[in-house]
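*Asks:* I would like the atomic coordinates for the input below:
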Amino acid sequence: MTLAEVSEPKEIKDLIRDLRSKLGDVQDSSIVWYLNKIPQYIWSVWGKSLRRFGISWQEFLKIVSENNDLLVKWALYDQVGWDDVINKLRSDLLSYVQQRKSRSKTLLSFLK
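*Replies:* Predicted coordinates:
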């Protein structure tokens, strides 16, 4: 499975940080998931390819949500780079597709 490069969405990162400063004491994950901006952005690049491999928007969201800590570290704290986020998502999606093909695994069993 080949997935295109996804450039870093600095405007989304800036929006998330701006929200953090305005809203103050709100859970990190709530800020990062505001309006699903990050998943929507990545899906806009990868969506057609993922659908060809049988991954729905809902499955994609679940896999992205399993990497919430990585998104928080990227968006709010600069503890990881965007490439780390994308590489981890790419790896998880590839593993999911391969395991599903070889063993007919469901998304829930893959994420356990």
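*Asks:* in terms of contact, does residue 13 touch residue 75 like I think?
*Replies:* Yes: counting by CB atoms under 8 Å, residue 13 does reach residue 75; the two are 5.4 Å apart. C-betas here are computed from N, CA, C, even on glycine.
*Asks:* who's more crowded, the two?
*Replies:* residue 75 (25 against 18; other CB atoms under 10 Å).
*Asks:* Make sure residue 75 is actually in contact with residue 16.
*Replies:* Yes: using CB under 8 Å, residue 75 is in contact with residue 16, at 4.7 Å.
*Asks:* any common contacting residues for these two?
*Replies:* Jointly contacting residue 75 and residue 16 under the rule CB atoms under 8 Å, 6 or more residues apart in numbering are 31, 32.
*Asks:* just the helices in the protein please.
*Replies:* With DSSP state H as the criterion, the chain has helices at 10-23, 28-32, 37-52, 57-65, 68-75, 82-103, 107-111.
*Asks:* in the third one, what counts as buried?
*Replies:* This points to helix 37-52. Going by neighbour count (16 or more other CB atoms under 10 Å), the buried part of helix 37-52 is 37, 38, 39, 41, 42, 43, 46, 50.
*Asks:* Over to the second one?
*Replies:* Within helix 28-32, the residues that count as buried by 16+ other CB under 10 Å are 28, 31, 32.
*Asks:* Output that helix as CSV, nothing but the C-alphas.
*Replies:* Taking C-alpha atoms only, helix 28-32 is exported to CSV below (Å, rounded to 0.1, in the frame of the first residue of the first chain):
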residue,chain,number,x,y,z
ASP,A,28,-5.4,18.3,25.4
SER,A,29,-7.2,15.6,23.3
SER,A,30,-10.3,17.8,23.1
ILE,A,31,-8.3,20.7,21.6
VAL,A,32,-6.5,18.4,19.2
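*Asks:* Which neighbouring elements make contact with it?
*Replies:* Applying 3 or more CB pairs under 8 Å, 6 or more residues apart in numbering; DSSP states H and E, one finds that helix 28-32 contacts helix 10-23, helix 68-75.
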